[in-house]
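Undergrad: Below is the structure, and that's it, no one-letter string:
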């Protein structure tokens, strides 16, 4: 699936163009043949540890060179 390969490792940014993290995995609803959610590793700054966040695909606003998430979702985890 070409679209999945294009999404993995893309940066996820908020409405202020701040990087939230990178896509490391994708959950697919095989019954609906659709992307269900993106799993990203959240940037932690200088700390080495990382945190995974599950973003429902309907919260994705735009996919291009980066993935833009909706403000309503970004407030729930930042």
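TA: Sure thing, it's come through. Bear in mind that the values here come from a model prediction, so they are computed numbers and not experimental data.

Undergrad: For whichever strand in the chain runs longest, which helices and strands make contact with it?
TA: Identified as the longest strand of the chain according to DSSP state E is strand 19-29. Other elements packing on strand 19-29 under the criterion 3 or more CB pairs under 8 Å, 6 or more residues apart in numbering; DSSP states H and E are helix 2-7, strand 11-13, strand 34-42, strand 51-56. All C-beta spots, glycine's among them, are computed from the backbone N, C-alpha and C.

Undergrad: Now render those as JSON lines, adding mean pLDDT.
TA: Output for the helices and strands packed on strand 19-29, formatted as JSON lines (pLDDT from 0 to 100):
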{"stretch": "helix 2-7", "mean pLDDT": "81"}
{"stretch": "strand 11-13", "mean pLDDT": "95"}
{"stretch": "strand 34-42", "mean pLDDT": "94"}
{"stretch": "strand 51-56", "mean pLDDT": "91"}
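
Undergrad: returning to that earlier point: direction included, what does the longest strand of the chain pair against?
TA: strand 11-13 (antiparallel), strand 34-42 (antiparallel) (DSSP bridges).

Undergrad: which residues sit against the longest one?
TA: What that stands for is strand 34-42. Residues from elsewhere that reach strand 34-42 (CB atoms under 8 Å, 6 or more residues apart in numbering): 4, 7, 12, 20-29, 50-57, 60, 67, 77.

Undergrad: Make a PyMOL selection of the buried ones in the residues you listed.
TA: Per 16 or more other CB atoms under 10 Å, the buried members of these correspond to this PyMOL selection:
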select buried, resi 7+12+20+21+22+23+26+53+55+60+67
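
Undergrad: which residue of the chain sits farthest from its center?
TA: residue 31 (21.8 Å; CA atoms, centre = their mean).
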